[in-house]
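A.B. asks: turn this into a model:
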Amino acid sequence: MLGQLMNIPTDTLIDMLYVILAGDIAITANDASEIEQIQRELQRRGEDQCWSFQTVN
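C.D. replies: Numbering: from 1, shown residues only. From the prediction side, this is the model:
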């Protein structure tokens, strides 16, 4: 998936993160992997945003 992320605009990557995190179900291991890959790609692009993922009850 990471190679594919390089071709996706930053706005779309952020939207993808939102969709994963806003889901009604718990985050799966696959979701966590995708979140990490999106985060690495955003960091690679030099975004000024600092992402912090914490468990929310």
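
A.B. asks: find me the pLDDT at residue 49, would you?
C.D. replies: On the pLDDT scale, residue 49 is placed at 54.

A.B. asks: please apply the same query to residue 55.
C.D. replies: At residue 55, pLDDT is 60.

A.B. asks: what stretches of the protein score poorly on pLDDT?
C.D. replies: Counting by pLDDT under 70, the chain shows low-confidence ranges at 1-3, 47-57.

A.B. asks: quick one, helices of it?
C.D. replies: Counting by DSSP state H, the chain has helices at residues 2-5, 10-21, 29-44.

A.B. asks: make TSV out of those and add mean neighbour count.
C.D. replies: Using the backbone N, CA and C atoms, a C-beta is placed for each residue, glycine as well. What follows is the helices of the chain, written out as TSV (neighbours: other Cβ atoms under 10 Å):
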stretch	mean neighbour count
helix 2-5	12
helix 10-21	13
helix 29-44	14
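
A.B. asks: and residue 37, how far from residue 27?
C.D. replies: Distance of residue 37 to residue 27, given as Cβ to Cβ, to the nearest Å: 14 Å.
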